[in-house]
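[1] no sequence for this one, just the structure:
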């Protein structure tokens, strides 16, 4: 192919852990650049990051941004599609891990994914950095494919309320330009040794044997991806496979235990600052937790042994608040996950999956109450394609929001009846 051979080699016939739409965009931009219709140089040359490569919050959290398409080495691709290299991220994470002023690391992720090559080396660097200090990740707003593999390597994974994660799959593109060659009067003849040396040439259609071999490579990468996510999140590999590389909303991801909670970026920073700043003061708090009584036993035979009440410092109060906040977030996420899973596993949910998913996702009813509602509802006619959540959302119209939108009867029973009625009306 004319021009940009190194970049083309990173796109075609290479396993990519990336959202398919983004892969198509990158490939399209590359073709325009090769055709001379895109001024690649105008986007600016590839440069090394200046300084330490991360920003520091007032509370000592090193924020590392994982944005755009992810590559093993950037070369010139980030100049035309936007991206970040694994090698650069690894060096920035190492620097933050060694920085005495950085008490924790937060990976702010907004990426469709990228290359398989080099991904798991970076994941291992993140795991090693966790031995030095806490590492959290937040999808703000997207953490797809390779970006999600990076996220799950952290101690804790969060997503913004409108964030999305997942796309746990692998894809590869093969460009067949043989018809274009013919129109241009070009004939390519490959002289090679080894039966499969020319399998993935772009100057001929992909033959069946070459396709099978490429599929085997993709399957191998997929197995590694699934295993990585399952191990890091403590879930069964089959649960990961059942996502079928789909994009997950935050509640779906929580129900599958693929993320730990939902928070805005500011809330994530604040929570991490509170956790690490309180942790650094624990030694001093323990040392001062008990103080000797000023009253000796000989001073009064009737005086019991007492300790001087400890004065609560600002650090003590902050720690108590942070501990309560962290425990509340963790308990809330666990409780919500257990509630949703309990509803979806009800015997009464069999054949009523859409209604069960609606009640689980849009109400706060427990499994016992939902059980009665499901038992009194007719079973559903199976719909073709899609999961229960996406099928339900297709039928939900825009809510009537406004000054006069509130109903006179907004009780739980009324809301549940609305959901049941909506379910029956859209079957």
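    Here it is on my side, so go on. Not measured: the values here are computed from a predicted model.

[2] for the stretch 151-300 of the chain, what spans make up the strands?
    In the stretch 151-300 of the chain, strands defined by DSSP state E, counting those that start in this stretch lie at 156-159, 164-166, 247-249, 261-262, listed in chain order.

[3] need the winner for burial among these.
    strand 156-159 (a mean of 26; mean count of other CB atoms under 10 Å). Every residue, glycine included, has its C-beta placed from N, CA and C.

[4] okay, now the sheet partners of that one, with direction.
    strand 135-144 (parallel), strand 261-262 (parallel) (DSSP bridges).

[5] partner residues bridging residue 64?
    Here residue 64, judged by DSSP bridges, has bridge partners residue 107.

[6] for it, list the residues it contacts.
    Going by CB atoms under 8 Å, 6 or more residues apart in numbering, residue 64 touches 53, 54, 89, 92, 93, 96, 105, 106, 107, 108.

[7] hmm, back to that, the strands paired with strand 156-159 into a markdown table, with extra columns for distance to residue 154 and mean pLDDT?
    Shown next, in a markdown table, are the strands paired with strand 156-159 (distance: least, CB to CB, whole Å; pLDDT from 0 to 100):
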| stretch | distance to residue 154 | mean pLDDT |
| --- | --- | --- |
| strand 135-144 | 4 | 96 |
| strand 261-262 | 13 | 94 |
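
[8] okay, those, which one's buried deepest?
    Mean neighbour counts for those (mean count of other CB under 10 Å) peak at strand 135-144, with a mean of 26.

[9] so which residues make contact with it?
    By CB under 8 Å, 6+ apart, strand 135-144 touches 18-19, 104-113, 126, 129, 147-148, 150-160, 162-167, 247, 259, 263, 265, 268, 272.

[10] which of the residues you listed fall within helices?
    Using DSSP state H, 126, 129, 147, 148, 150, 151, 265, 268, 272 are the members of these that sit in helices.

[11] which residues touch residue 120?
    So residue 120 contacts 149, 224, 228 (CB under 8 Å, 6+ apart).

[12] still on that earlier bit, residue 171 is nearest to which of the strands paired with strand 156-159?
    For the strands paired with strand 156-159, the distance to residue 171 is smallest for strand 135-144, at 11.4 Å, taking CB to CB.

[13] now name the helix or strand holding residue 374.
    helix 367-375 (DSSP states H and E).

[14] buried stuff in that helix?
    For helix 367-375, the neighbour count (16 or more other CB atoms under 10 Å) marks 367, 369, 370, 371, 373, 374 as buried.

[15] pull the most distant pair out of these.
    Longest distance between any two of the buried residues of helix 367-375 is 10.8 Å, between 367 and 373; criterion CB to CB.

[16] okay if I get the contacts of residue 64 as a markdown table plus distance to residue 278 and pLDDT?
    Below are the contacts of residue 64 laid out as a markdown table (distance: CB to CB, whole Å; pLDDT from 0 to 100):
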| residue | distance to residue 278 | pLDDT |
| --- | --- | --- |
| 53 | 27 | 87 |
| 54 | 22 | 90 |
| 89 | 28 | 94 |
| 92 | 26 | 94 |
| 93 | 24 | 96 |
| 96 | 20 | 94 |
| 105 | 17 | 96 |
| 106 | 16 | 96 |
| 107 | 21 | 97 |
| 108 | 22 | 95 |
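
[17] which strands or helices does the helix holding residue 374 pack on?
    When contacts are defined as 3 or more CB pairs under 8 Å, 6 or more residues apart in numbering; DSSP states H and E, helix 367-375 sits against helix 314-344, helix 353-362.

[18] helices or strands next to the shortest one in the packing?
    Using 3+ CB pairs under 8 Å, 6+ apart as the contact criterion, the secondary-structure elements in contact with helix 353-362 are helix 314-344, helix 367-375, helix 388-395, helix 412-425.

[19] mean confidence score for the last one?
    It refers to helix 412-425. Helix 412-425 comes out with an average pLDDT of 59.

[20] let's number from 330 now, not from 1
    Sure, I'll start counting at 330 from here, so that last one is helix 741-754.

[21] quick one, what contacts residue 427?
    residue 461.

[22] residue 382 now?
    Counted by CB under 8 Å, 6+ apart, residue 382 has contacts 393, 417, 420, 421, 424.

[23] excluding chain neighbours, what is closest to the third one?
    Leaving out its chain neighbours, the residue that sits closest to residue 420 by CB to CB, 6 or more residues apart in numbering is residue 382, at 7.1 Å.

[24] likewise the last one?
    Of all residues not flanking residue 424 in the chain, residue 381 sits nearest, at 5.2 Å (CB to CB, 6+ apart).

[25] separation between that neighbour and residue 393?
    Relative to residue 393, residue 381 is positioned 10 Å away (CB to CB, to the nearest Å).

[26] same thing with residue 509?
    42 Å.

[27] and for residue 519?
    According to CB to CB, residue 519 and residue 393 sit 44 Å apart.

[28] check residue 505 too.
    In terms of CB to CB, residue 505 sits 39 Å off from residue 393.

[29] partners of residue 500 in the sheet?
    residue 345.

[30] neighbours of it, how many?
    18 (other CB atoms under 10 Å).

[31] cool, residue 463 as well?
    18.

[32] against residue 569, how distant is it?
    25 Å.
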